[in-house]
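Participant: I need the structure of the sequence given here:
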Amino acid sequence: MIHFFDPSNEKMAVKLPDIAKNVDIMLGNLEDAVPIDRKEAAREGLVKIGKSVDFGDTQLWTRVNNLDSPWFLDDLVRLVR
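Facilitator: Sure thing, here's the model as predicted:
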């Protein structure tokens with residue numbers, strides 16, 4: 001099972017360790033489900049979550065913005081670093 005989440009939602013971030021116990025993949029969505037005014041917060045939230053949450057055996061995935069969007073390159077550079 002895949003659980004999609006908005007990394008800019010701090011209330012959701014608190015619940016992630018418990019949710020991760022019951023799913024195969026946690027997917028931090030940076031794409032179309034995130035409003036434009038929260039794109040950067042979502043990206044930084046995903047970095048923070050990736051560094052601080054113990055997912056155990058659950059994989060952490062992401063969906064970045066489209067190649068032709070103004071956020072794609074920033075998503076890629078920030079997440080890969």
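Participant: three-state assignment of the residue lying farthest from the centre of the chain?
Facilitator: Using CA atoms, centre = their mean, the residue of the chain lying farthest from its centre is Asp68. It sits 19.7 Å away. Under DSSP: H, G, I helix; E, B strand; the rest coil, the three-state class of Asp68 is coil.
Participant: just the element for Leu79, please.
Facilitator: Leu79 is located in helix 72-80, with elements delineated by DSSP states H and E.
Participant: elements contacting that helix?
Facilitator: Here helix 72-80 touches helix 39-52, going by 3 or more CB pairs under 8 Å, 6 or more residues apart in numbering; DSSP states H and E. C-betas here are computed from N, CA, C, even on glycine.
Participant: tell me the angle the helix it packs on makes with helix 72-80.
Facilitator: 10 degrees (axes from the mean of the first three to the mean of the last three CA atoms, to 10 degrees).
Participant: which elements pack onto helix 39-52?
Facilitator: Counting contacts by 3+ CB pairs under 8 Å, 6+ apart, helix 39-52 packs against helix 10-20, strand 25-29, strand 59-63, helix 72-80.
Participant: buried stuff in that helix?
Facilitator: 39-43, 45-46, 49 (16 or more other CB atoms under 10 Å).
Participant: neighbouring contacts of it?
Facilitator: 6-10, 13, 16, 28-30, 34, 60, 62, 65, 71, 74-75, 78-79 (CB atoms under 8 Å, 6 or more residues apart in numbering).
Participant: please name the bridge partners of the most centrally placed residue in the chain.
Facilitator: A centroid search over the chain (CA atoms, centre = their mean) returns Gly28, at 2.3 Å, as the residue closest to the centre. Gly28 has these beta-bridge partners by DSSP bridges: Phe5, Thr62.
Participant: any idea how far it is from Thr62?
Facilitator: 5 Å (CB to CB, to the nearest Å).
Participant: can you list the buried residues in the worst-scoring helix or strand of the chain on mean pLDDT?
Facilitator: Within the chain, no helix or strand scores below helix 10-20, which has a mean of 94 by mean pLDDT, DSSP states H and E. The neighbour-count check on helix 10-20 (16+ other CB under 10 Å) flags 12-13, 16-17, 20 as buried.
Participant: if anything else comes up later, I'll come back, but that's it for now.
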